[in-house]
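Peer 1: Sharing a model that was predicted from the sequence below.
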Amino acid sequence: MDDPYDVIIVGGGVVGCFIARALSRYRVRVLLLERESDVCSGTSKANTAIVHAGYDAKPGTLKAALNVAGNRMYDQVCAELDVPFHRCGTYVVALTEEDLYTLDDLYHRGMQNGVSGMRIISGEEMRRVEPLVNPDARGALYAPTGGIVDPFLLTIAAAENAVLNGVHLRLETEVTDLIRQNGRIVGVSTNRGQIFGRFVINAAGLHADQLMAKAGVHGFTITPRKGEYYVFDREKSRVRTVLFPCPTPISKGILVTPTTHGNTLIGPNAVDIRDKEDVTVTPEGLEEVFAGAQRLVPTLERRDVIAVFAGLRASGSTGDFLIEAPAQAPGLINVAGIESPGLTAAPAIAEFVLDLLRECGLALLEKANYNPIRRSPPRFSELSHREKAALIAQDARYGRIVCRCETVTEGEIVAAIHAPVPARTYDALKRRTRLGAGRCQGGFDTPRVIHILARELGLPPTAITKKGPGSEFVVRKTKEWDGNEKV
Ligand SMILES: Cc1cc2nc3c(=O)[nH]c(=O)nc-3n(C[C@H](O)[C@H](O)[C@H](O)COP(=O)(O)OP(=O)(O)OC[C@H]3O[C@@H](n4cnc5c(N)ncnc54)[C@H](O)[C@@H]3O)c2cc1C
C-alpha cells in the first residue's frame, strides 16, 4: 500500500480547489479528487460570477461571516493567481415604494455583517451611473465592495497553483464510498481503487449529502435549486454595472451584470428540482429570466442573446453552509450546502477548514518553498501589436487563429492542453481560453480544436470529447485523411 495522504479532498469545484491551494502552503501530502474530466465542472462553472459584498446573508450565519471574509481576500487572491477581478461595486435597485424599505433592511443587515462603504442612493443618481436602468428606479443600495470575477479561471488557477506547490490531482476519479477502520474514516473507495488518507474533506458540492450519508452522518440534505441564464453578444452589451432587483425569500433575484470579459449576463431564476444532474434550460424558466431582467433594463433585446445555460445551487436543509468535523465520523470534514455566496466565500472557507483540521490534530508546518504566485499563459487578443509579433516569432502557433470570434490562437490552445491542470476536452479549453464563447458558439473552431486535441494528446479524433466520456464529437471516419495539416 502507498503511504497514506494527510488529506484527501473530494471535489474539484472552487471550494475544493481553494482548500487544496491553502493546504499546499504546508508540509502535508494532499490529494484532490474530481470525478469529471476537469476541475470546475460542477456548480462553480455555472453561476453569476459576482463577488458579493455580504449584505444578503442573515447576520450570525457562517454564510454571512465567510461572505464578508472571502470578499476581503479577493484583491490579493486574484492578484496572486492572475485572474480577472473587478471590484466595480453592485447596486440593488428599488422599483417600488416597498422596495425602498427592503433597501433599508439590506443596509442594516450589511452593517451587522461588517460590510463597509454601503450607501443608499437616489433614483436620479442610479440613472446617472447606469443610464440603461429602468427609468422608474426610485433608489438603490450601492455596495462598493461588490465585484465580478471569472469563476472558471479562478477555480482553475487555484487548482494549478496547488498542483505547482505539490498537491496531487486525479481527474475522472469518483469517490464511491468512504473507508472506515476502528470507527475512523481512513480513506476513500473510488472507481480506480482505494486511497488512504488521515483526513477526508467532503467538498462534493451537490453530492456532499450523499457522501455524508455513506459516513453515517444523516439529517442534512441538499436540494438542487436551478438557475437559468442568458448571455449576450459582447458587441451588443452596454450594461456597465451590476444591477440586482430586491431579493426574494429564496434567491437574490434575477439580475443584469457585465462579465469580466464584457458580455452582459442575465439571470438566474430559482426553481427547486430533484435531479442533481439536470442542467437543462426550460422555455418557462428562460421566459421568467428575460421578463425579470427587463424590469431592471427594459431595452434588453432577445436578438442579442448568444447562449443560454443553467446552474444548480446546492441548497442545504439548514439554510446555512455546513462546515464541520462530525463526531460520528472522525477523520471526515464536511463542507456542504455551499450555495451562493460560495464563490465569494471560497478563499475564506478554505482558511476555516484549515482551522478545523488543526483542531482535529493535523500539524500544519509551513513549507519553505511555497509560491502563491501563478501567472496566466499569454492571452493573444489582449497583447499589443509588438507583443503579438514577438510571441509569433517565438512560436508560430500563436500566429494561427483558431477561434475567430474571441481571437484564440493555436498557441494558447496547445499551452492549455499541456498546463499543470491539463485541458483535455473542448469545454476545458473553452473555460481556459474562451474559444467557442463568442457569437458563433464554436461553429467555426470545433473541427480544428478536435484535430489539435487529438494531435497533442496522441488520441484518435473519435476519442475527443466535449466534456468527458460519453460526449464524443465524432463516431467514425467518413473519408481518409492523408495526415497533412491543411490550414
Ligand atoms: C445559479 C447560481 C448562481 C450563483 N451565483 C453566485 C454568485 O454570483 N456569487 C457567489 O459567490 N456564488 C454564487 N453561486 C454559488 C457558487 O457557484 C457555489 O457556491 C460554488 O460554486 C460551490 O462550489 P463547490 O466547490 O462547493 O461545488 P462544485 O463546483 O459543484 O464542485 C463540487 C465538485 O465535486 C465533484 N464531485 C461530486 N461528487 C464527487 C465524487 N463522489 N467524487 C469526486 N468528485 C465529486 C463534482 O464533479 C464537482 O466538480 C451561484 C450558484 C448558482 C447555482
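Peer 2: That came through, no problem. Please read all numbers here as calculations on a predicted model, not as lab measurements.
Peer 1: and the residue of the stretch 1-150 of the chain found nearest the ligand, what is it in contact with?
Peer 2: Using C-beta to the nearest ligand atom, Gly13 is the residue of the stretch 1-150 of the chain that sits closest to the ligand, at 2.1 Å. Every C-beta, even on glycine, is put in place using the N, C-alpha and C of the backbone. Gly13 is in contact with 39-44, 155, 203, 205, counting by C-beta atoms under 8 Å, 6 or more residues apart in numbering.
Peer 1: run the last query once more with 7 Å
Peer 2: Residues near Gly13 by C-beta atoms under 7 Å, 6 or more residues apart in numbering: 40, 42-44, 155, 203, 205.
Peer 1: Leaving out chain neighbours, which residue sits closest to it?
Peer 2: Sequence neighbours aside, Ser44 is the residue nearest to Gly13 in space, at 4.2 Å (criterion: C-beta to C-beta, 6 or more residues apart in numbering).
Peer 1: is it true that the one you found touches Thr155?
Peer 2: Yes - counting by C-beta atoms under 7 Å, Ser44 does reach Thr155; the two are 5.0 Å apart.
Peer 1: Parallel or antiparallel, list what pairs with the helix or strand Ile323 falls within.
Peer 2: Using DSSP states H and E, the element containing Ile323 is strand 322-324. Sheet partners assigned to strand 322-324 using DSSP bridges are listed as strand 332-336 (antiparallel).
Peer 1: what pLDDT, on average, does the strand it pairs with get?
Peer 2: Taken as a whole, strand 332-336 has a mean pLDDT of 98.
Peer 1: May I have that strand exported as CSV, CA atoms only?
Peer 2: The C-alpha coordinates for strand 332-336 follow below in CSV (Å, rounded to 0.1, in the frame of the first residue of the first chain):
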residue,chain,number,x,y,z
LEU,A,332,-14.1,13.4,7.9
ILE,A,333,-14.6,17.1,7.3
ASN,A,334,-17.9,18.1,5.6
VAL,A,335,-18.1,21.3,3.6
ALA,A,336,-21.7,21.1,2.4
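Peer 1: can you state the direction angle for the helix or strand following it and strand 332-336?
Peer 2: Of the helices and strands lying after strand 332-336 in sequence (DSSP H and E), the nearest is helix 342-359. If you take axes from the mean of the first three to the mean of the last three C-alpha atoms, to 10 degrees, helix 342-359 sits at 160 degrees to strand 332-336.
Peer 1: re earlier: can you tell me which of the contacts of Gly13 is nearest Gly253?
Peer 2: Comparing the contacts of Gly13 against Gly253 with C-beta to C-beta picks out Thr43 as the nearest, at 18.6 Å.
Peer 1: Hmm, Gly205 and that closest one touching each other?
Peer 2: Yes - between Thr43 and Gly205 there is a contact under C-beta under 7 Å: 5.4 Å.
Peer 1: tally of neighbours for the residue nearest to Leu62 when sequence neighbours are not counted?
Peer 2: Of all residues not flanking Leu62 in the chain, Phe321 sits nearest, at 4.4 Å (C-beta to C-beta, 6+ apart). For Phe321, the neighbour count with other C-beta atoms under 10 Å is 27.
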